[in-house]
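*Asks:* Got a sequence here, can you build the structure:
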Amino acid sequence: MNTPARKLANKHFVRSALAAIANASPATLPAALAAAYHPQAAWRGSHPMNEMTGVTAIAKRVWLPLLTSFPDLERRETILVGGEYEGNDLVASVGHYVGTFQRDWLGIPATFRTVYLRFAEVHRVVEGKIAQSSVLIDVLDVIRQAGFWPVAPSLGVEEQWPAPFTCSGIVLHETDPAVEAANWAQTRKMQLALGDHGDVARDGRDALLIPSQREGWHPKMMWYGPCGIGTARGVEGFVDHHRLPFRIAFQNIRGYQHYVRLADGDITVTGGWPSVTCEHLGDGFMGIGATGRPVTMRVMDFYLHHEGLIRENWVPIDIIHLLLQMGVDVLGRLRSMRWRSGS
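*Replies:* Below is the predicted model:
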């Protein structure tokens, strides 16, 4: 059982271990990774990094490229929570890796300027070390900061994700189980109600603004989406900038396959690999016409509960992986744009 003391110890361990990796040099990286990970740990993350096993692969495909491209890399968390789900000890976080972009990364040209790499992570801890990491880094947002835009214009606002409104995202104190239970019940009620809407094809946005779709959300709610979708305010903004185009485009949604469900303090978290399996049957999402293809989505959700309602929602999605399944090769477009610009 994940006792309060063990949950707190796991959070402190993951926070310090990942900070040490981010602060490492290529020479000191092996020791930092060995201190953090089981030798055959699994790592899965945003395209094109995807899935791998073992500390050697994690070093070669994830951390050495990052530390080479951003030699002064630093990890800055805005949310840090933990808990247990299906017998697994989990630690989840949101924040930014920040550094000076000095060498190309994943084919993205170096800018020699400060870049923020938005991340969301869930780590499974076994016997005091990380056995599995699920990591969504917003690669498209790094492309944006490098001055390239290989997709349709975002409907929402593109900006750096802020910390929780209440400044309560770093949970390193004793929490109230009753409050957490209420927050979790609110999260699940809202998520289960998302499919209980009107006829989108007939009624458009009005189908998504019925009372059951507003319930649970704070009047001043903020929805922080990935690069390519952007940030929206209020239920109306959420519908206009994300939910309506999403519901038109993706149909026959089959289940939410979560590997994490937890509540800690004011924060609740869910995530799946994939979270959603569906078919791309409608036009308009990110400016793309219907392809008829089946797609899966790598998604996490972090919620802030405030004043008895859901006040903020951070939603990392592996957009580049999703678009690739829809026939749009974002990194291929970037290569073409670089060639044309001479960079």
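*Asks:* residue ranges of the strands in the chain, please?
*Replies:* With DSSP state E as the criterion, the chain has strands at 37-45, 51-53, 74-85, 88-100, 114-126, 129-137, 217-224, 231-233, 250-251, 256-264, 267-280, 294-306, 309-314.
*Asks:* With mean neighbour count and distance to V239 as added columns, please give those strands in TSV.
*Replies:* All C-beta atoms are positioned from the backbone trio N, CA, C, and that covers glycine. Output for those, formatted as TSV (neighbours: other Cβ atoms under 10 Å; distance: least, Cβ to Cβ, whole Å):
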stretch	mean neighbour count	distance to V239
strand 37-45	18	30
strand 51-53	14	34
strand 74-85	20	25
strand 88-100	22	23
strand 114-126	21	23
strand 129-137	21	24
strand 217-224	18	10
strand 231-233	20	8
strand 250-251	17	15
strand 256-264	20	20
strand 267-280	22	18
strand 294-306	22	17
strand 309-314	22	13
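*Asks:* Mind checking those strands for the one nearest to A19?
*Replies:* Taking Cβ to Cβ as the criterion, A19 comes closest to strand 74-85 out of the strands of the chain, the separation being 5.1 Å.
*Asks:* ok and that closest one relative to strand 309-314, angle-wise?
*Replies:* 130 degrees (axes from the mean of the first three to the mean of the last three Cα atoms, to 10 degrees).
*Asks:* Alpha carbons only: can I get strand 74-85 in CSV?
*Replies:* Included here for strand 74-85 are C-alpha records, laid out as CSV according to Å, rounded to 0.1, in the frame of the first residue of the first chain:
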residue,chain,number,x,y,z
GLU,A,74,17.4,23.1,-16.1
ARG,A,75,14.2,21.3,-14.9
ARG,A,76,11.4,23.6,-13.5
GLU,A,77,8.3,21.9,-12.2
THR,A,78,5.0,23.6,-11.7
ILE,A,79,3.0,20.5,-10.6
LEU,A,80,4.4,17.5,-8.6
VAL,A,81,2.0,14.9,-7.3
GLY,A,82,1.9,11.3,-6.4
GLY,A,83,-0.3,8.3,-5.5
GLU,A,84,-1.2,4.7,-6.2
TYR,A,85,-3.1,3.2,-9.1
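*Asks:* So for that strand, mean pLDDT?
*Replies:* The predicted model assigns strand 74-85 a mean pLDDT of 98.
*Asks:* one step back: of the strands of the chain, which is nearest W63?
*Replies:* It's strand 37-45; of those, that one is closest to W63 (Cβ to Cβ) at 9.8 Å.
*Asks:* pLDDT at S341, what is it?
*Replies:* Per-residue confidence (pLDDT) for S341: 64.
*Asks:* For the protein, give me the ranges with low pLDDT.
*Replies:* Where the chain drops to pLDDT under 70, the residues are 255, 340-343.
*Asks:* Domain ranges for it, per the record?
*Replies:* In terms of domains, the chain is parsed into 4-145, 177-331 (source: automatic domain parsing).
*Asks:* Dump those domains into CSV; add distance to A163 as well.
*Replies:* As requested, the domains of the chain are exported to CSV (distance: least, Cβ to Cβ, whole Å):
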stretch, distance to A163
domain 4-145, 4
domain 177-331, 10
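*Asks:* what about the ones you listed, which gets the closest to V157?
*Replies:* When the domains of the chain are compared by Cβ to Cβ, domain 177-331 sits nearest V157, at 4.6 Å.
*Asks:* Could you work out which of the domains of the chain reaches nearest to A152?
*Replies:* For the domains of the chain, proximity to A152 was assessed by Cβ to Cβ; domain 177-331 is nearest, at 2.9 Å.
*Asks:* Quick one: end-to-end length of that closest one, please.
*Replies:* For domain 177-331, the first-to-last residue distance is 45 Å (Cα to Cα, to the nearest Å).
*Asks:* Ok, which of the domains of the chain comes nearest P153?
*Replies:* Scanning these with Cβ to Cβ as the criterion, the closest one proves to be domain 177-331, at 7.6 Å.
*Asks:* Identify the single longest helix in the protein, thanks.
*Replies:* The helix of greatest length in the chain, counted in residues with DSSP state H as the criterion, is given as helix 4-22.
*Asks:* Can you mark which positions in that one are buried?
*Replies:* Across helix 4-22, burial judged by 16 or more other Cβ atoms under 10 Å covers K7, L8, N10, K11, F13, V14, R15, A17, L18, A20, I21, A22.
*Asks:* picking that back up, any idea which of the domains of the chain gets closest to W161?
*Replies:* Of the domains of the chain, the one closest to W161 (Cβ to Cβ) turns out to be domain 177-331, at 4.9 Å.
*Asks:* distance between that closest one and the chain's centre?
*Replies:* Its chain's average C-alpha position is 12 Å from that of domain 177-331, according to Cα atoms, centre = their mean, to the nearest Å.
*Asks:* now stretch 79-97
*Replies:* Average the C-alpha atoms of stretch 79-97, do the same for its chain, and the two points are 12 Å apart (Cα atoms, centre = their mean).
*Asks:* For that stretch, measure first residue to last.
*Replies:* Across its full length, stretch 79-97 reaches 13 Å between end residues, using Cα to Cα.
*Asks:* tally of neighbours for A34?
*Replies:* The number of residues packed near A34 is 13, by other Cβ atoms under 10 Å.
*Asks:* Return the distance of the closest residue to it other than its chain neighbours relative to E174.
*Replies:* For A34, the nearest residue in space outside its immediate sequence neighbours is V55; the separation is 6.6 Å by Cβ to Cβ, 6 or more residues apart in numbering. According to Cβ to Cβ, to the nearest Å, V55 and E174 sit 34 Å apart.
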